[in-house]
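**Q** fold the following, please.
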Amino acid sequence: MTGRIRSQGRRKVRTCRPLRMGESVGHHRITAGTIGCFGVDADGRVGLISNNHVLAMNNKARVGDIILQPGRADGGDARQAAHVVAKLGTYVPLDFDPTSFNLVDCAFAPLEDGHARPEPFLVGDGEIGSDGWSIGDIEDVLIDGDPVKKVGRTTRFSTGVVDAIAIDNVRVQMVSGAAPRFAIFNRQIAISGTEKTFSKGGDSGSLICTMDGRPIALLFAGTETGGRNDRGITFANPIRAVLDALAVDLYSPATGV
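**A** Modelled structure (predicted):
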């Protein structure tokens, strides 16, 4: 869901310092996605967690590639040192074989040395007037109908409900154009928006939480129609699977970083 992001006239540079979850980010050659959350790897490095297709460009990027905040669609410029916030560290390769399946679409990018410490919570903005809300322990037990929320680059704060869990055979177009490429995902979570569409292009990578702030999933794809309110269906990787695949822990003040 990084596609179909078009600037209109002169772009406003959407920089946020310290870095915050839910804000614009991306590999320097894509449009823009969302900072999902912050993680800590085995070497103690704090970094951004988002999708492979946001930070690693659908397997095309190389470790060490520049990550921008804001993303390029929001005025990020690789020639501006202030916009270079991280370098790609690791990602789980996407498998495009139609006979295989993926469990996650995720990547980790350690922050550049000396960069501003990230805020370990999601924050709304003046547009929606929401307060900051802290993230808690991971929630592994979900049932259909559970209410959830997220903050993303495009739709900002939105609420939804869990439609289904452990969905298999989710076919997602990861590359558009003359030669589109699709990937199959298993064991995914489906979410419908309540008051509005839960996610749109550019929200990829958003962290989805329970209403009391417990992380449950990493947003990576969606439809424009369907779902219980016909506002589209959002698909997300269980956050536990993401962290295990990247071999990182969630960053919090308790880490002492």
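**Q** hey, C-alpha coordinates of stretch 155-170 in CSV?
**A** Taking C-alpha atoms only, stretch 155-170 is exported to CSV below (Å, rounded to 0.1, in the frame of the first residue of the first chain):
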residue,chain,number,x,y,z
THR,A,155,-5.3,8.1,6.9
ARG,A,156,-3.7,9.1,10.2
PHE,A,157,-5.7,7.8,13.2
SER,A,158,-8.3,5.2,12.4
THR,A,159,-10.3,2.6,14.2
GLY,A,160,-11.4,-0.8,13.1
VAL,A,161,-12.5,-4.3,14.0
VAL,A,162,-10.9,-7.7,13.4
ASP,A,163,-12.8,-9.5,10.7
ALA,A,164,-10.8,-12.7,10.8
ILE,A,165,-7.5,-14.2,11.9
ALA,A,166,-5.1,-16.8,10.5
ILE,A,167,-6.3,-16.2,6.9
ASP,A,168,-4.5,-18.2,4.2
ASN,A,169,-4.1,-17.6,0.5
VAL,A,170,-4.2,-13.8,0.5
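**Q** which residues of the chain score low on pLDDT?
**A** The chain contains residues with pLDDT under 70 at 1-12, 114-117, 119-134, 253-257.
**Q** select the longest strand from it.
**A** strand 156-167 (DSSP state E).
**Q** gap between Thr99 and Gln80?
**A** Thr99 sits 44 Å away from Gln80, going by CB to CB, to the nearest Å. Glycine gets a C-beta too; all of them are placed from N, C-alpha and C.
**Q** which of the two has more neighbours?
**A** Neighbour count, other CB atoms under 10 Å: between Thr99 and Gln80, Gln80 has more, with 12 against 6.
**Q** mind listing what the more buried one touches?
**A** If a contact means CB atoms under 8 Å, 6 or more residues apart in numbering, then Gln80 has no contacts.
**Q** quickly list what the residue nearest to Pro180 when sequence neighbours are not counted is bridged to.
**A** Using CB to CB, 6 or more residues apart in numbering and skipping residues adjacent in sequence, the residue nearest Pro180 is Gln173, 5.4 Å away. Applying DSSP bridges to Gln173 gives these bridge partners: Phe182.
**Q** and for Gln173, the neighbour number?
**A** 11.
**Q** give the contact list for it.
**A** Residues in contact with Gln173 (CB under 8 Å, 6+ apart) are 180-182.
**Q** let me see the contact set for the nearest residue to Gly26 once chain neighbours are set aside.
**A** Nearest non-adjacent residue to Gly26, counting by CB to CB, 6+ apart: Gly71, 3.3 Å away. Taking CB under 8 Å, 6+ apart, we find Gly71 in contact with 24-26, 30-33, 153.
**Q** go again using 10 Å as the cut-off
**A** Gly71 sits next to 2, 5, 14, 23-28, 30-35, 54, 83, 153, 202 when contact means CB atoms under 10 Å, 6 or more residues apart in numbering.
**Q** likewise for Tyr91?
**A** 50-59, 61, 63, 104-109, 245-246.
**Q** try Thr34
**A** Neighbouring residues of Thr34 by CB under 10 Å, 6+ apart: 1-2, 21-26, 48, 50-51, 54, 71, 150-155, 199, 202-207, 218-219.
**Q** in strands, which of the residues you listed fall?
**A** Filtering the contacts of Thr34 for strands - DSSP E - leaves 24-26, 48, 50, 150-152, 207, 218-219.
**Q** are any of those buried, and which?
**A** For these, a burial check counting by 16 or more other CB atoms under 10 Å picks out 24-26, 48, 50, 150-152, 207, 218-219.
**Q** show me where this structure has helices.
**A** Assigned by DSSP state H, the chain shows helices spanning 52-55, 239-246.
**Q** number of residues surrounding Phe108?
**A** Close neighbours of Phe108, defined as other CB under 10 Å, add up to 27.
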